[in-house]
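Q: sharing a sequence plus its predicted fold:
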Amino acid sequence: MAIFYSAATPGFFDDTIHADLPADAVAITAARHRELLAAQGEGASIVADDRGKPRADRPTVTIATRRAALIRAVKRQAARRIDAIAPIWRQLNDQRAPSREGEARFAAIDAIRAASNAIEAEITAAAGDALAAIDPAAHPLWPQD
């Protein structure tokens, strides 16, 4: 099995699957193919160099882009934590039939929302070089489980 890249299509081809390879197809290793796909998953574009070989073209990351990515990560983390406490169906049931347990779940959810807001405010106020040190998943402001 060999993997090829075509700048004209642009795409990858496996010679065991594709009988007719494009005329500009160049062979690449399986390891290089994995590297390129990983880079693409992180936001890079796959483009051909002047010899037709594929390379990852990573966009320039601005401070605003980094901030936006961190805030999205905080929101995902908050949603994950809230869902672990009480999925939406549980929250709806707790609203319809209030109980002490439901009140405790809502208090825990409120604490997560407050932490999320505080972390987002920290990200918004942080200097560009300080953004790299912020880890949304392990931030100390998250309530302890």
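A: Good, I have the coordinates.
Q: show me where the protein has strands.
A: With DSSP state E as the definition, the chain shows strands at residue ranges 3-6, 11-14, 26-28, 45-48, 54-57.
Q: out of those, which is the most enclosed?
A: strand 3-6 (a mean of 20; mean count of other CB atoms under 10 Å). In short, each C-beta sits where N, CA and C put it, glycine included.
Q: what mean pLDDT does stretch 65-77 have?
A: Taken as a whole, stretch 65-77 has a mean pLDDT of 94.
Q: how about that stretch: buried residues?
A: Arg66, Arg67, Leu70, Ile71, Ala73, Val74, Gln77 (16 or more other CB atoms under 10 Å).
Q: one more: stretch 35-42?
A: Buried residues in stretch 35-42, defined by neighbour count with 16+ other CB under 10 Å: Leu36, Ala39.
Q: and for stretch 81-91?
A: Judged by neighbour count using 16+ other CB under 10 Å, the buried positions of stretch 81-91 are Arg81, Ile82, Ile85, Ala86, Gln91.
Q: so which of those residues belong to helices?
A: Arg81, Ile82, Ile85, Gln91 (DSSP state H).
Q: which stretch among the strands of the chain comes nearest Trp142?
A: Closest approach to Trp142 among the strands of the chain is made by strand 54-57 (33.0 Å; CB to CB).
Q: quick check: mean pLDDT across the closest one?
A: Here strand 54-57 scores 93 as its mean pLDDT.
Q: before we move on, back to that, quick one: the strands of the chain as a markdown table, columns for distance to Ala39 too.
A: Putting these into a markdown table (distance: least, CB to CB, whole Å) gives the following:
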| stretch | distance to Ala39 |
| --- | --- |
| strand 3-6 | 13 |
| strand 11-14 | 13 |
| strand 26-28 | 13 |
| strand 45-48 | 7 |
| strand 54-57 | 4 |
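Q: Gln95: which of those strands is closest?
A: Distances from Gln95 to each of these were compared by CB to CB, and the smallest falls on strand 45-48, at 45.7 Å.
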